[in-house]
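S.K.: Need coordinates for the below:
(chains A and B)
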Amino acid sequence: MRINPVLQKDLKTKLRGWRAPVLISCYIILLALILLLYFTGSNMLNPYNVNGYNPRSAVDAYNILIVFQFALLFIAVPAITATSISGERERQTLDLMLVTKTPTRKIIIGKIIISIAHTMLLLISSMPVLGVVFFFGGVGIADIAKLLLFYVFTAFFVASSGVFFSTLFRRNILAIITNYIFLGLITFGPFFMYLIHMYIKESAVLSYSPDYLEILAILFPSPVFGFTSFFFSAGSGYYGYNLWGSVASYIDGYIAQETGILRLMKPWIANGLFSIIASILLIFLSTLILNPIKRQR
Amino acid sequence: MMVVVENLVKRYKGTLAVDRLCMEIPEGEIYGFVGANGAGKTTTMRIIAGLLAPTSGRVLINGIDISKEPLKVKERIGYMPDFFGVYDDLKVSEYMAFYAGLQGIYGSKCSELTDSLLELVRLTEKKDAYVDTLSRGMKQRLCLARSLIHDPDFLILDEPASGLDPRARVEMKEILKELRSMGKTVLISSHILPELSELCTSIGIIDAGRLVASGSVAEIAEKLSQSGLIKIKVADKEENAVKILMEIPEVGEISSVAGVLEVKVNGGENICVRILKTLVENDIPVISFHPVESSLEAVFMKLTERGNENEN
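M.R.: Below you'll find the model as predicted:
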């Protein structure tokens, strides 16, 4: 099997030199520092602690780390992908790629895979830090495996949107800004829509209670909605004392009331499916825009 | 016919960049594409390379319509734009391997091709150097090597010698001569007209998006000599000479510059013979009679001048 030449070239240039190892090291050190500060703050590292340790603190630490990683995914991936095509254009190398027999689809996919590979490298290299939480219990390997799968789906969607805006706009800065706005709308827009929906419903019916299908139908495009699936310890049912924990608890309450297929349609699965379908659509649109023969300027 | 361009039109938001352009380039031809800045050369070349969709018209490469089967046509085209297009963080050999990969060439075949092409463009010793350490001329030669990586039949070279110093230009010209001997069909644009006249088997002159002349260099010069200039020096009787010349209907404007009569004529070589014969028969002491040969540059200036006049 031949490696996509665009992917091969970008892997070579991006991982060459001192920048990549330094970036990865800084990221891991930062994560470790966050964990250390949290454990110190919650008295978990004190050998003279007579009150014992609270396993829920480990879950809280895990939640903080995965939120940090999730945020990183939304910050780092657009920064890499939103300049992937417009950067080639600015460097005047795009035409040289388009004049070859490599289809535009393959160029686009190469650019998406490189950004996913980059993000996964950061996430996987941080696994040992995340693994510290295992010492305290409450989080299983299966939870982390599912989380990684969800990160791949989300990175695929974020990268596809980055490449799409990069093909749409000639200038790097415009591509980056519009991509962040788009991702902001997709992430938080459904929650605003849900609040409006609930406001309208509660105005009509006093103490209106939605069902899970309603929640799913409005919130499924938001990666934050999908992420709520991971914001707890399955064994303890503990969500943590924060806003996302409350949202996760709220949604889980409605899932528990469901039977049949809706009970299986967890937020991360619903959002993962949306990410895959939306990504395929964005890749298709990017290919159309980039194809010089089909594009009329 | 290797390349056929039929009624090509390209319009950008109200501006007509290419206007019903028709062109044919036979196999093995080195076709010089001459035109002033903004005449439509690069737009035409980008359409032929499949990088731009025309508003109307079509381009056939070996009988295949590029808009219908772009990937099939791109296998046979090598394109070198008027900019470098290089990745500074790649080595020369990696740069070549990247474009070889995009053309579906890998492994030992890629290494062999890279070596032979770097030798052709005289960059063998720079194989392991980073692209950003190369000089402008070297980068230009590397781009040419890149465009040849898949052994295309047809090369599109947009101003390959632009911005190069005289030595680099000579080197580029030598490489292009080698390409000609390899039997490649080449479409080359340049502002350096005398260089094109030496290199090309035929030329096309584009002005305001229209092809105003096309043919072999000799044919175009002949076409233009139909409205040429004759420099005549007489020992005496200059006024008589002018009077006699004025009576010849093909003679246009006559001026005297430092004792030399500059006579504009409409007609070919026959009219020169008639003018000289008439002067001699009327006892005008002709010291020298010099029909000025139209250089490619003069041809270009005249043709584009006409275009401008028509526009005005």
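
S.K.: Could I get the full set of helices for the stretch 101-250 of chain A?
M.R.: A:104-125, A:127-131, A:141-168, A:172-204, A:212-219, A:223-227, A:243-257 (DSSP state H, counting those that start in this stretch).

S.K.: Tabulate those helices in CSV, adding columns for distance to residue B:6 and mean neighbour count.
M.R.: Backbone N, C-alpha and C define where each C-beta goes, glycine included. Converted to CSV, the helices of the stretch 101-250 of chain A look like this (distance: least, CB to CB, whole Å; neighbours: other CB atoms under 10 Å in any protein chain shown):
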stretch, distance to residue B:6, mean neighbour count
helix A:104-125, 26, 20
helix A:127-131, 61, 15
helix A:141-168, 30, 22
helix A:172-204, 37, 15
helix A:212-219, 54, 18
helix A:223-227, 51, 24
helix A:243-257, 62, 15
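
S.K.: out of these, which comes closest to chain B?
M.R.: Nearest to chain B, of all the helices of the stretch 101-250 of chain A, is helix A:104-125, at 8.4 Å by CB to the nearest CB.

S.K.: Tell me how far the closest one lies from the chain's centre.
M.R.: Remark: helix A:104-125 is offset 13 Å from the chain centroid, using CA atoms, centre = their mean, to the nearest Å.

S.K.: And for stretch A:64-77?
M.R.: 7 Å.

S.K.: and whichever residue of chain B sits closest to chain A, what element?
M.R.: Here chain B gets closest to chain A at one residue, residue B:101, 3.0 Å apart by CB to the nearest CB. Assessed by DSSP states H and E, residue B:101 sits inside helix B:92-102.

S.K.: and residue 7, how many residues sit next to it?
M.R.: With no chain named, the answer covers chain A. 19 (other CB atoms under 10 Å in any protein chain shown).

S.K.: Hmm, no, I was thinking of chain B.
M.R.: With other CB under 10 Å as criterion, residue B:7 counts 13.

S.K.: Surely residue A:208 and residue A:200 touch.
M.R.: No: distance between residue A:208 and residue A:200: 9.4 Å, which falls outside the contact criterion (CB atoms under 8 Å).

S.K.: now the helices of the stretch 101-250 of chain A as TSV including distance to residue B:109 and mean pLDDT?
M.R.: Shown next, in TSV, are the helices of the stretch 101-250 of chain A (distance: least, CB to CB, whole Å; pLDDT from 0 to 100):
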stretch	distance to residue B:109	mean pLDDT
helix A:104-125	20	90
helix A:127-131	40	83
helix A:141-168	31	91
helix A:172-204	36	92
helix A:212-219	53	88
helix A:223-227	44	90
helix A:243-257	54	76
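
S.K.: Can I get those in JSON lines including distance to residue B:93?
M.R.: Shown next, in JSON lines, are those (distance: least, CB to CB, whole Å):
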{"stretch": "helix A:104-125", "distance to residue B:93": "20"}
{"stretch": "helix A:127-131", "distance to residue B:93": "36"}
{"stretch": "helix A:141-168", "distance to residue B:93": "28"}
{"stretch": "helix A:172-204", "distance to residue B:93": "29"}
{"stretch": "helix A:212-219", "distance to residue B:93": "52"}
{"stretch": "helix A:223-227", "distance to residue B:93": "42"}
{"stretch": "helix A:243-257", "distance to residue B:93": "50"}
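
S.K.: For residue B:200, which of those is the nearest?
M.R.: The minimum distance between residue B:200 and those falls on helix A:104-125, with 33.5 Å, by CB to CB.

S.K.: how big is the angle separating that closest one from helix A:141-168?
M.R.: Per axes from the mean of the first three to the mean of the last three CA atoms, to 10 degrees, the angle that helix A:104-125 makes with helix A:141-168 is 140 degrees.

S.K.: So which residues of the stretch 201-312 of chain B form helices?
M.R.: With DSSP H, counting those that start in this stretch as the criterion, the stretch 201-312 of chain B has helices spanning B:217-225, B:238-246, B:269-281, B:296-311.

S.K.: what does chain A put close to chain B?
M.R.: A:2, A:5-6, A:8-9, A:12-13, A:16, A:91-93, A:95-103, A:292-297 (CB under 8 Å from any CB of the partner chain).

S.K.: Please flag which of these sit within helices.
M.R.: Among the residues of chain A next to chain B, the residues falling in helices (DSSP state H) are A:5, A:6, A:8, A:9, A:12, A:13, A:95, A:96, A:97, A:98.

S.K.: how many other residues sit next to residue A:37?
M.R.: Count around residue A:37 with other CB under 10 Å applied: 12.

S.K.: Give me the three-state assignment for residue B:22.
M.R.: The three-state label for residue B:22, taken from DSSP: H, G, I helix; E, B strand; the rest coil, comes out as strand.
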